[in-house]
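# sequence first, then the predicted structure, then my questions.
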Amino acid sequence: MPTGACLDGAKLSLAIKPGMTDLHWLLISMGLAMALHISHFPAWVSALIFLFMGWRYLLEKNSRAMPRLWILVPITLFGIMGILITYRSLFGRDASVALLALMLALKLMESTTRRDYVILGFAGYFLTITAFLFNQSLLAGAFLLLPVAGITATLVGISYPHGSMSQRLRSRIAGNLLLQGIPIMLILFILFPRIPGPLWGVPQDAYSSMSGLSDNMEPGNISDLSLSAAIAFRVQFKGDIPATQQLYWRGPVLWHFDGRGWHMDNNRTRFAPENLLVTGNAVDYTVTLEPHNRQWLLMLDIPQALPAGAYPSREWQILARNPVRTRMRYAGSSHPNYTLGLDLDDRARQLALSIPSTGNPRSRELARQWQDQLKDPEQIVNAALQLFRQQAFIYTLAPPRLGNDSIDDFIFNTKRGFCEHYASSFAYLMRAAGVPARIVTGYQGGEVNPVGQYLIVRQSDAHAWAEVWLPERGWVRVDPTAAVSPSRVESGISSALPDSTLLPIMARPDYPWLRKLYLNWDAVNNGWNQWVLGYNQQRQLELLSRLSGTRVNWQDLVLWLMGSLAAFILLLCLFLFRRGKQTLDPIQTIYRRYLRKLARHGIKAMPHEGAQDVQRRASQQFPQHAAAFARIAYLYQSLRYGADADGKTMAELRISIQKLKL
Amino acid sequence: MQSPFPDSIAANQAGWKGKLRLGRPFHIPLLLTRRQLYILPSRAGWGFAIVLLAMLTGSINYTLSLGFVLTFLLAGMGLVAMLHTWRNLAWLQIEIYNPPATFAGHDAIFPLSITDTHQRERHAIAARLQDSETLYGDIPANGTLTLALKLPAKKRGWLVPGAIKLHTGFPLGLFQVWSPLATSSRCLVYPKPTDTDLPIPLDSNPGNGGKTDQRSGDEDFAGLRIYQQGDSPRRIDWKASSREQGMFTKQFQAESQQLLWLDLRTTPGTDLEHRLSQLTRWIMTAHAQHQRYGLRLPGQVFPPDNSEAHYHQCLQALALMEPN
């Protein structure tokens, strides 16, 4: 035990409160976490949050006391009331996130201790994750690193209780922690058993932003959708991509007409699916469907092999068990050549012929004329298509408003409409003329992305067409829009509209370079969606089964997870617990070379031996070099302990050691 | 096995900590390795785990892939932080210096020396002695940190320090690594000097105590002693000093006349402690004035001297005086 107290170097550092540097880090990282939310917070919430942050900064800078409780409590209450007024609730997704952010900013106003900072840091992590409720794009994912790194650096500084850490050290340690955490993140992401959500009900507004087809077709529904560039789904085909006019993506089938809009049949799932006969080759494809909060899955007309867990309604609308609330990937197989529902039962015939007993007299009259003159239903279909083709019908996204007898008004007056108008009036005329008819909504066409060879189908590709039932042929697809505007069906909506400015920019034909850029970006996003966002239980098991060559189940997954985590942590331990690099001064480096040279010839210097001991032993063994050994020992010692040693001495030592030939 | 540690430490072993062997201290000096280090999540660590759990359930419920990414990244970071925290305290060589003697009423200072043996910088290493304040410090690679652990010295005698807890939560504060340490090093506590201003009894009872030397060879050369600060330059033996063996001061018989005997039995005071305090004060005063003094205690006699060693011997005898 050493004796004699030498207290000169003794430290007496006590824990102190976080300093200005710590506050800078806290404010910056909190600000970054808040910035993720700015786009969906009401302006007053954002303004208030940044006001609080500025206030806190000024208080610290001028070393002023934190505001008293009687100032903070009313502000808190006003904040809660403000949220309540803005969102009409405190518990929805949007309201609770805004509330959390606001309360965090308020907590800042009373945070002075290290413990407060830690709580704020953890809450900051949580605030960061809530941003993904609104946006999970690639960019959001990249941006997430900023607040997380900032908060981590703040916490590193906080766990250094006796002072303010240097910026460099703080950033280096935070960076190391995160970098070394990334492999664990990857292992967990790939192997952590995914449980399909949701575990409990999610707030009403959680899916409010999802768009897509609805279960009815009121005038204006689809043209609204057409203004959206949002992606409905993407399709990867196994073989060639079929011609555009074959790409009818079947969605909701509508039976009931109430004089204005069309609605689904509520009993559609209670009856067996209509009889389906297929001929020719199947088209195989995989759809990645964006969530739309409805049950239906979009599939190419007409699907035969269904995704797991999906089932067909009577009219071959494909339904999932639950509303699609997450991006979903499914495989499908469809036949373009088919015969559907050769036998029409009475209930279906009655449904497919029913029209309101009043209204639209001129259309009824026209239909009755056709029924009298033409005996064959096929002729009636053609007569209607002729009507659309020959008269001055115009395909437009901005049709005029229709009166009470909407079908009459459209056919005989305005003659300007969108696919929903044509499908609706066509089906009406058919029913009035005694030909069973129904409306099918879905998407038509899509855009081929040459980068990655897949089809992008957007909301602007939403479409409505009709199916008529003909004896011997069953339900036959008739697209009256094609009669008016063949290019809509052959080459997409952008070429069908004379004035494309109403369309979203990505659906327009101009700006080719922008489109090209966009298509590349979309290909990246597609990969992101497929592999990161769409990585669910099914994909997880698929991927691992493919990698391992055997079927992987849940238990295997846990074993793999434990195994790879243990392996990585072991590696990390080896890396972290290794001895740090010994930093040798140049003299030592040169001298070590000498010792190695001696060691090769049997003279191993012990750690306790000084330069002179080594010299003595070496001289005993190699008396012919005694002078050289003595010189080296002298030079080394004068370099180490002498006051007058300089660069020359060092150079001489190096040369003497180099010259030494044993 | 007989516990080599004082009772205060053995008492710590009781309870659940003792059963888990968590409280069993390790004896300084030692090198901290796997066997001497304990690690558990700190309170913040448990809080972090709860936040992560909330993030995980949220990610499952809303099927947030990026939520999983963030949750797993933070979980990975937590695991890595555990290793970093452990590494921060491992492979440290712990030693403790013998503390300098102190007076009752002052603080005893136990200098704890912590040396890195792994060529790594250490940050925010904390040490706490019993329930005194926690001290923090950093250690450069291969360097040493000395923390002056303070313990209030309440009464005279040997002050035996209790458990020392060496710990760190760096770099994230999510985990706490610690090592309970014990030392056999102890601090000598001299009696507390009185505040009363009784004069030194220069010519008190000529019986046995307080007796001055009878011989009065005025200005007779008596010998040399090592120079002490405050000695008159005229008394320095320059001839002897020039032999490069140190500075010497000439001593004369006249000084011996002021030679002073202190005796416990003749010291005024209500009880033993009070008298010891009084003696302590007198010894301090005499020492400060470079007076020669002797000390008589029951069973012990310290012949007159005015050296530093004598001073401490006397005080030590007072500190360790058995109460009858």
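Arrived safely. Numbering: from 1, shown residues only, chains lettered A, B, ... in the order given.
# CA only for contacts and neighbour counts going forward, please
Will do.
# residue ranges of the helices in the stretch 1-150 of chain A, please?
Using DSSP state H, counting those that start in this stretch, the helices of the stretch 1-150 of chain A run over A:20-35, A:43-61, A:69-87, A:93-108, A:114-130, A:138-143, A:145-158.
# got the residue ranges for the helices in the stretch 101-250 of chain B?
Along the stretch 101-250 of chain B, counting by DSSP H, counting those that start in this stretch, helices occupy B:238-241.
# spell out which parts of it neighbour chain A.
Residues of the stretch 101-250 of chain B lying close to chain A by C-alpha under 8 Å from any C-alpha of the partner chain are B:111, B:118-120, B:123-124, B:133-137, B:145-148, B:169-173.
# pick the most buried one from the helices of the stretch 1-150 of chain A.
Comparing the helices of the stretch 1-150 of chain A by mean neighbour count (mean count of other C-alpha atoms under 10 Å in any protein chain shown), helix A:145-158 comes out on top with a mean of 25.
# does chain B sit close to that one?
Yes: using C-alpha under 8 Å from any C-alpha, helix A:145-158 comes into contact with chain B via A:152, A:155-158.
# next one: stretch A:595-611
No: shown here: stretch A:595-611 not in contact with chain B (C-alpha under 8 Å from any C-alpha), separated by at least 15.9 Å.
# show residues contacting that stretch.
If you take C-alpha atoms under 8 Å, 6 or more residues apart in numbering or on different chains as the criterion, stretch A:595-611 is touched by A:614, A:617-618, A:633, A:636-637, A:662.
# which ones among those lie within helices?
Using DSSP state H, the subset of these located in helices is A:614, A:617-618, A:633, A:636-637.
# now, of the residues you listed, which are buried?
Burial by neighbour count, judged by 16 or more other C-alpha atoms under 10 Å in any protein chain shown, picks out A:614, A:617-618, A:633, A:636 from the ones in helices among the contacts of stretch A:595-611.
# and B:Leu172, how many neighbours?
By other C-alpha atoms under 10 Å in any protein chain shown, the residues close to B:Leu172 number 29.
# state the distance from the nearest residue to it once chain neighbours are set aside to B:Gly137.
Nearest non-adjacent residue to B:Leu172, counting by C-alpha to C-alpha, 6 or more residues apart in numbering or on different chains: A:Val156, 5.0 Å away. For A:Val156, the distance to B:Gly137 equals 15 Å [C-alpha to C-alpha, to the nearest Å].
# check B:Glu121 too.
Separation of B:Glu121 from B:Gly137 (C-alpha to C-alpha) stands at 11 Å.
# what parts of the stretch 451-600 of chain A come near chain B?
Counting by C-alpha under 8 Å from any C-alpha, the stretch 451-600 of chain A sits next to chain B at A:532-535, A:573, A:576-577, A:579-582.
# could you rerun that using 10 Å?
Proximity of the stretch 451-600 of chain A to chain B, by C-alpha under 10 Å from any C-alpha of the partner chain, involves residues A:529, A:531-536, A:565, A:569, A:572-573, A:576-583.
# would you show me how to pick out the buried ones of those in PyMOL?
Buried subset of these, written as a PyMOL selection, criterion 16+ other C-alpha under 10 Å:
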select buried, chain A and resi 529+532+533+534+535+536+565+569+577
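# list the ones among the residues of the stretch 451-600 of chain A next to chain B that fall in helices.
A:565, A:569, A:572-573, A:576.
# pull the most distant pair out of these.
Within those, A:Leu565 and A:Leu576 form the most distant pair, 15.9 Å apart (C-alpha to C-alpha).
# next up, the contacts around B:Phe68.
By C-alpha atoms under 10 Å, 6 or more residues apart in numbering or on different chains, B:Phe68 lies in contact with A:129, A:185, A:188-189, A:192, A:194, A:532-533, B:55-60, B:74.
# closest one to A:Ser89 out of the residues you listed, please.
Nearest to A:Ser89 among those: B:Gly58, at 20.2 Å, using C-alpha to C-alpha.
# assign the closest one to helix, strand or coil.
Three-state call for B:Gly58 (DSSP: H, G, I helix; E, B strand; the rest coil): helix.
# is it true that it touches A:Leu199?
Yes: counting by C-alpha atoms under 10 Å, B:Gly58 touches A:Leu199, with 8.9 Å between them.
# of these two, who's got more company?
More crowded of B:Gly58 and A:Leu199, by other C-alpha under 10 Å: B:Gly58, with 22 against 13.
# and the gap between that one and A:Phe41?
Between B:Gly58 and A:Phe41 the computed distance is 20 Å (C-alpha to C-alpha).
# coming back round to it: least confident pick among the contacts of stretch A:595-611?
Within the set of those, pLDDT is lowest for A:Leu662 (77).
# what is the burial count for that one?
Neighbours around A:Leu662, by other C-alpha under 10 Å: 10.
# that one against A:His625, yeah?
Yes: with contact defined as C-alpha under 10 Å, A:Leu662 counts as touching A:His625 (8.0 Å).
# any idea how far A:Gly647 is from A:Ile587?
Applying C-alpha to C-alpha, the value for A:Gly647 to A:Ile587 is 10 Å.
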